[in-house]
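In: Just need the structure, nothing else, for what follows:
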Amino acid sequence: MTPSCRKLLILIVVAMHTQVSVADEVGDAGHGLIGYGITMYQPLCAYSCRVVLSGSALNCSTIGIEGGLPMPRTTPDCFATNDAFLTSMALCLQSRCTDLPAWEIEKYWHKTAASIRNSHRRVDEPGVQVVANPPVPKWTYQQALAQVQGNVTSTLAFGAPLDQTSLVADFQYQLQYDTMEMFERMEIHHEKYGLVLIALGALVPIASSWLRFVPLPKLLKARISAAVIDPPLFGSRHQAPYYNLFIMPTRGQAMLIAFVVVLNFVLSGVDIQSAQPNAWWWDNQLQEVLTSIANRTGVLSFANVPLLILYAGRNNFLYWVTDWTQSTFIVMHRWTAYMCTLQAIVHSIIWLRIYVVLGWHDDESNFAYWIWGIIATLAMSLLLPASVIPLRAKMYEMFFFWHLVLAVLSIVGCYLHIIYRFNHQWGYEVWLYMAMAVWGFDRVARLVRMVGNGWRHAVITVIDDEYIQVDIEGAKGHGHAYLYFPTLTWRVWESHPFSIMGTRVRPAGPSPLSSRSSTEKSTGSTSTLYNNRAVGLSFLIRTFGGATSMLRHASRLPVLVEAGYLPYPDLTKYQTLVCIVGGVAITAIAPALRTYPGRAKMYWSCRSPGLVASVHLDADDVDTDVLVGERFKLRKVLEEEIEKAMGDTAVVVGGPAAMADEVRCIVSELALKASIPVTLIDETYYW
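Out: Residues are numbered from 1 along each chain as shown. Predicted coordinates for the structure are as follows:
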């Protein structure tokens, strides 16, 4: 290797390893994001001078080994007091920064000339210390210029020791200028597209939901929903999983999934540019582009974290400004999580490849930032198999616990990955602050809802081998509620979602269904409203394994109530209401029936006589057919009801997945043929 090539290699290694300069501290904390409150190499002309000069050893420097090669190590105090460095730096600033006012040069000189205000060095790198107040050069910029004697003609040789006032070579200056300008431009793009991702992730649900206000004929709207929104994307299943692993989205949800996937892939590659020759990737455009892609996917992965937490939150503000269902937001949560994890994996793989190619992996992999990055990526990756349907269905409590643990571990890992790598220099941690803020808002809102109901007691009545009734006097709420039983298990943080059956409490027991029945198999007949019931909340619960089964063995328990979620849809705009209900899903349908003013017909199939006897509908205008131990012929029922319906018709379904899917497909088919608008409303709880 020729001396000139060796010097070139030395400077490339130095630039790659520090991405700015060899020094003993990282820059001070920034506020905001790169390009949005934080600058990297501004003024660029000054940083270019600084980087070229800092690659040379001073008479106060020491020699260390970087990348297997001898490298100068120069402390901030050395830079601040070395005559040759200060005069050469001042001369370069005078000749290169001709557009900068003197005060701006002095500001840079005072804060940065003797330090590396903005660097990409690791906090845990040997010899690196965070210095909040780097030393001020012994001369001001103007004083340093005054020290330059005569006409300087000596040009600093590439990587040679700096022992006298020297000029910076045009090629070396321009090389550093172009490299840093491109890198900062790319970093600004990364942050910009992260902001675009979050903005679209919030605005697209709002905009698509507001399409319902477009003044189209009602019949056309109903047929559009029946053709392109409601049916499963393929086949006849939506809630019932394929192979107990995969949920087929509806066609409307499939469009949202496509939006999430396409948006993330496009933003991962758009506006990736390069500058060659490059001081950090000499004659290697592929590595330069891969670095930009790795950094882009890292930022986008961070930007996805607030979104996926928002979509999963109980107090997701998008519920309040859209008409989207919980199932749709859960789909968005899952696919955003898939993209977030994929981007983290791509980020990790590319940087692994880069360090392996450079021969630095063995050393780099021992540093804290690297280890925490691995932990974060692994935690994200483990969240996916830990959330499969069999685990959620069979071990809900364990699923919930591990989901929370791995989610917290991934966020902590991401945060420490950034802090150990850059401290608070570049604002990458701001994305995680956003995620923590979204999570914190949801938790505070939950607490407020609980405090609103206070400490209550639940009275548990066993109905039969499958069902129990839970009555909570004094509690208020509507829609769905989450119940905490702090004395039931050691997992005091656990809550369970249930539909509120009623807002007045009466004991469970063999009482008649309070509505008319039009079938001989019905167990109900007309009954009146009881006036001796206390204000409170009633729940009918099917007990499975876990905490709900433990409720069967208690008669009275302390309970915290977090209510007011997923309010019942407004059905008053429909002239005809048809409800198809299976089992305990009556709890989700009955409250809406009680307030519906028009013609309503309910078909309820249930295998538990005790459950049927426990329901007090209190809705005299509802025509009810109840089958115990049998199923309705749903196609026949729906064809007849839609045929005789008058005006806008809503078909509300709640119950087992197979039944809900059958109703979905039948209604979508019939709505395309009907002469009246027919709307499907699925009230099945989704998790």
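In: centre of the chain versus stretch 324-337, how much separation?
Out: In terms of CA atoms, centre = their mean, to the nearest Å, the centre of stretch 324-337 is found 11 Å from the chain centre.
In: now the helices: where do they sit in the stretch 251-400 of the chain?
Out: For the stretch 251-400 of the chain, applying DSSP state H, counting those that start in this stretch gives helices covering 251-269, 285-312, 318-321, 326-358, 361-364, 368-383, 389-394, 396-422.
In: To Ala437, which of the ones you listed lies closest?
Out: Proximity to Ala437 (CB to CB) singles out helix 285-312 among those, at 7.7 Å. Any C-beta I mention is one placed from the backbone N, CA and C, and that applies to glycine too.
In: so how far is the closest one off the chain centroid?
Out: On CA atoms, centre = their mean, the centre of helix 285-312 falls 12 Å from that of its chain.
In: begin at 34 from here
Out: OK, 34 is where the count begins now, so the last one is helix 318-345.
In: Flag the shaky bits of the stretch 184-333 of the chain, pLDDT-wise.
Out: In the predicted model of the stretch 184-333 of the chain, no residue satisfies pLDDT under 70.
In: ok, now with 80
Out: Along the stretch 184-333 of the chain, the parts satisfying pLDDT under 80 run over 191.
In: that older thread, of all the helices of the stretch 284-433 of the chain, which one comes closest to Arg83?
Out: Here helix 429-455 is closest among these (CB to CB), at 18.9 Å.
In: Can you tell me which of the helices of the stretch 284-433 of the chain is packed in deepest?
Out: helix 318-345 (a mean of 23; mean count of other CB atoms under 10 Å).
In: got the angle for it vs helix 401-416?
Out: Helix 318-345 runs at 50 degrees relative to helix 401-416, counting by axes from the mean of the first three to the mean of the last three CA atoms, to 10 degrees.
In: Counting by contacts, list what helix 318-345 packs against.
Out: helix 203-242, helix 284-302, helix 359-391, helix 429-455, helix 462-486 (3 or more CB pairs under 8 Å, 6 or more residues apart in numbering; DSSP states H and E).
In: between that helix and helix 359-391, how many degrees?
Out: Using the same axes, to 10 degrees: helix 318-345 against helix 359-391 is 160 degrees.
In: mind giving me the domain ranges of this protein?
Out: Following the TED database, the chain resolves into domains at 77-201, 211-305+314-480, 487-539+567-596, 609-715.
In: for those, which one sits closest to Ile71?
Out: Comparing those by CB to CB, domain 211-305+314-480 comes nearest, at 5.1 Å.
In: And that closest one, end to end?
Out: 53 Å (CA to CA, to the nearest Å).
In: now stretch 387-397
Out: Span of stretch 387-397 from end to end, CA to CA: 11 Å.
In: Then stretch 280-289?
Out: 15 Å.
In: who touches that stretch?
Out: Residues outside stretch 280-289 that contact it (CB atoms under 8 Å, 6 or more residues apart in numbering): 237, 241, 261-268, 270-272, 274-275, 290, 360-361, 364-365, 368, 422, 697.
In: in which helix or strand would I find the residue of the chain positioned farthest from its centre?
Out: The outermost residue of the chain, judged against the average C-alpha position, is Gly183 (61.5 Å), by CA atoms, centre = their mean. Per DSSP states H and E, Gly183 falls between elements, in no helix or strand.
In: Dihedrals phi and psi, it?
Out: phi 70, psi -170 (degrees, to the nearest 10).
In: Please determine how far it is located from Ser89.
Out: Going from Gly183 to Ser89 by CB to CB, to the nearest Å gives 21 Å.
In: Glu716 touches Val685, doesn't it?
Out: Yes: under the criterion of CB atoms under 8 Å, Glu716 makes contact with Val685 at 5.9 Å.
In: what's the overlap in contacts for these two?
Out: With CB under 8 Å, 6+ apart, Glu716 and Val685 have common neighbours 602, 622, 625.
In: neighbouring contacts of the helix or strand in which the second one is found?
Out: Put plainly, it is Ile622. In the assignment (DSSP H and E), Ile622 maps to helix 619-628. Applying CB under 8 Å, 6+ apart, the contact partners of helix 619-628 are 511, 531-536, 572-573, 601-602, 604, 610, 612, 614, 633, 635, 637, 639, 644, 648, 650-652, 655, 685, 687, 716-718.
In: residues touching Ala440, list them.
Out: Ala440 neighbours (CB under 8 Å, 6+ apart): 412, 416.
In: go again using 6 Å as the cut-off
Out: Ala440 sits next to no residue when contact means CB atoms under 6 Å, 6 or more residues apart in numbering.
In: still on that earlier bit, between Glu716 and Val685, which has more neighbouring residues?
Out: Neighbour comparison, Glu716 and Val685: the larger count goes to Val685, with 26 against 21 (by other CB atoms under 10 Å).
In: ok, that one to Ala618 distance?
Out: 10 Å.
In: before we move on, what about Ser532?
Out: Ser532 is 8 Å from Ala618, by CB to CB.
In: Dump the helices and strands packed on helix 318-345 into TSV; add distance to Leu253 as well.
Out: TSV is the format used below for the helices and strands packed on helix 318-345 (distance: least, CB to CB, whole Å):
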stretch	distance to Leu253
helix 203-242	17
helix 284-302	16
helix 359-391	22
helix 429-455	42
helix 462-486	37
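In: mind checking which of those helices is nearest Leu319?
Out: Of all the helices and strands packed on helix 318-345, helix 359-391 sits nearest to Leu319, with 10.3 Å by CB to CB.
In: isn't Leu195 right next to Ala117, touching?
Out: Yes: Leu195 lies in contact with Ala117 (CB atoms under 6 Å); the separation is 5.1 Å.
In: By neighbour count, which of the shared contacts of Glu716 and Val685 wins?
Out: Ranking the shared contacts of Glu716 and Val685 using other CB under 10 Å puts Ile622 first, with 26 neighbours.
In: can you tell me the helix or strand for Leu593?
Out: strand 589-598.
In: Packing partners of that strand?
Out: helix 462-486, strand 488-495, strand 513-517 (3 or more CB pairs under 6 Å, 6 or more residues apart in numbering; DSSP states H and E).
In: got the contact list for stretch 469-486?
Out: 339, 342-343, 346, 348, 508, 593-595.
In: Who's the closest spatial neighbour of Tyr210, skipping the chain neighbours?
Out: Among residues not flanking Tyr210 along the chain, Ser81 sits closest, at 4.2 Å (CB to CB, 6 or more residues apart in numbering).
In: about what we covered before: and the helix holding Ile622 with strand 513-517, angle?
Out: Computed by the same axes, to 10 degrees, the angle separating helix 619-628 from strand 513-517 equals 130 degrees.
In: Please spell out which residues along helix 619-628 are buried.
Out: 619-627 (16 or more other CB atoms under 10 Å).
In: Nearest to Val169 among the residues you listed?
Out: Of the buried residues of helix 619-628, the one sitting nearest to Val169 (CB to CB) turns out to be Ala621, at 69.2 Å.
In: what separates the closest one from Leu604, distance-wise?
Out: Ala621 is 13 Å from Leu604, by CB to CB.
In: Likewise for Leu266?
Out: Counting by CB to CB, the gap from Leu266 to Leu604 is 27 Å.
In: more neighbours, the two?
Out: Higher neighbour count among Leu266 and Leu604: Leu604, with 19 against 14, using other CB under 10 Å.
In: Neighbour count for Leu195 and Ala117, which is higher?
Out: The neighbour count for Leu195 versus Ala117, taken as other CB under 10 Å, is higher for Leu195 (24 against 18).
In: can you give me phi and psi for the nearest residue to that one once chain neighbours are set aside?
Out: Spatial nearest neighbour of Leu195, excluding adjacent residues (CB to CB, 6+ apart): Ser89 at 4.0 Å. Note on Ser89: backbone dihedrals following degrees, to the nearest 10 are phi -100, psi 150.
In: does Gly535 really touch Ser571, like I thought?
Out: Yes: counting by CB under 6 Å, Gly535 touches Ser571, with 4.2 Å between them.
In: So those two - more neighbours on which side?
Out: Neighbour totals were compared for Gly535 and Ser571, and Ser571 leads with 24 against 21 (other CB under 10 Å).
In: I'd like the distance between that one and His649.
Out: 9 Å.
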